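K.L.:
need the 3D shape of this:
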Amino acid sequence: MFEGPFKSHPRQSTTGVTAVILAGGKGTRLRAVVSDRPKVLAPVGGRPFLEYPLRQLAAAGFRQAVLCTGYLGEQIQAAFGSAFEGMRLAHSQEPFPLGTGGALKLALALMASESVLVMNGDSFCDADLGALWAQHSRRAANATLLLAEMQDGSRYGRVAVDAEGRVRSFQEKAGTERRGFISAGVYCLKRTLVESIPSAVAVSLEHEVFPQWVGRGLEGYYSRGRFLDIGTPESYATAEQFFMVNSL
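P.N.:
Now for the predicted structure:
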């Protein structure tokens with residue numbers, strides 16, 4: 001039985017789990033303020049933004065991560081190399097834009113575990129990744145989406161979850177301010193589902209893959225954590241203050 005929002009769960013080790021960070025975006029909307037580097041290297045508090053999700057993974061016990069890169073991916077490899085705070089890093093650079101799903105499928109050979117934790121490299125949710133992983137493992141879900149509560153979810157669209165914790169639908173951006181839970185860009189996925197993504201074509205996890213998985217073991221995990229997305233100049237401008245409050 002799904003216990004509802006915000007219930008704590010026993011820990012399960014994340015040591016042998018592969019984490020994947022999707023870091024291939026061009027950051028077109030940020031070009032006015034960050035034009036010489038990939039979006040995930042945009043400076044925040046004197047550090048590249050990507051350092052924050054990497055530190056979150058390391059703090060949660062992950063010991064191996066794959067960086068799925070694209071635009072100027074060589075800059076990411078130069079900045080982080082093959083290790084970060086006790087984690088081994090591997091790099092998978094797409095030859096052309098493959099979308100979040102296509103980039104994930106390209107990196108499949110670098111994933112060593114039967115389920116993986118996937119996160120967007122241009123957003124951050126101050127959530128307990130260990131508790132997310134514990135729910136995913138305990139319920140043997142095919143996929144578990146981290147859900148963040150937003151006072152105004154109009155920019156993102158909302159995720160509808162039933163009383164048993166199963167994702168029932170994805171609601172498009174409403175255009176009007178409305179409180180609700182959104183996908184926070186962090187997912188636990190069974191390897192078999194990653195294998196089902198088409199190869200060598202551009203595919204979006206959010207818009208093409210996840211809607212097809214509704215009713216096939218796709219579940220939600222509620223988080224109280226604050227959420228940040230640096231995709232626009234306006235949201236990027238708030239990032240430094242965000243991490244002053246949520247220091248890692």
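
K.L.:
so, low pLDDT: which residues of the protein?
P.N.:
Along the chain, segments meeting pLDDT under 70 span 1-11, 153-154, 173-178, 246-248.

K.L.:
return the distance of whichever strand in it runs longest from the chain's centre.
P.N.:
Looking across the chain with DSSP state E, the single longest strand is strand 180-190. Between the centre of strand 180-190 and the centre of its chain there are 7 Å (CA atoms, centre = their mean, to the nearest Å).

K.L.:
quick one: secondary structure of residue 242?
P.N.:
Classification of residue 242 by DSSP: H, G, I helix; E, B strand; the rest coil places it in helix.

K.L.:
count residues in the vicinity of it, would you?
P.N.:
18 (other CB atoms under 10 Å). To be clear about C-beta, it is placed using only N, CA and C from the backbone, and glycine gets the same treatment.

K.L.:
which strand or helix spans the closest residue to it other than its chain neighbours?
P.N.:
Closest residue to residue 242 apart from its sequence neighbours, by CB to CB, 6 or more residues apart in numbering: residue 228 at 4.8 Å. Residue 228 belongs to strand 227-229 when assigned by DSSP states H and E.

K.L.:
quick one, helices of this structure?
P.N.:
51-59, 73-80, 99-106, 129-138, 191-195, 210-213, 233-236, 239-245 (DSSP state H).

K.L.:
would you mind writing the CA trace of the fifth one as PDB?
P.N.:
Provided in PDB are the C-alpha atoms of helix 191-195 (Å, rounded to 0.1, in the frame of the first residue of the first chain):
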ATOM      1  CA  ARG A 191      17.200  -1.200 -16.900                       C
ATOM      2  CA  THR A 192      14.600  -3.100 -19.000                       C
ATOM      3  CA  LEU A 193      12.700   0.100 -19.500                       C
ATOM      4  CA  VAL A 194      15.800   2.000 -20.600                       C
ATOM      5  CA  GLU A 195      16.400  -0.900 -23.100                       C
END
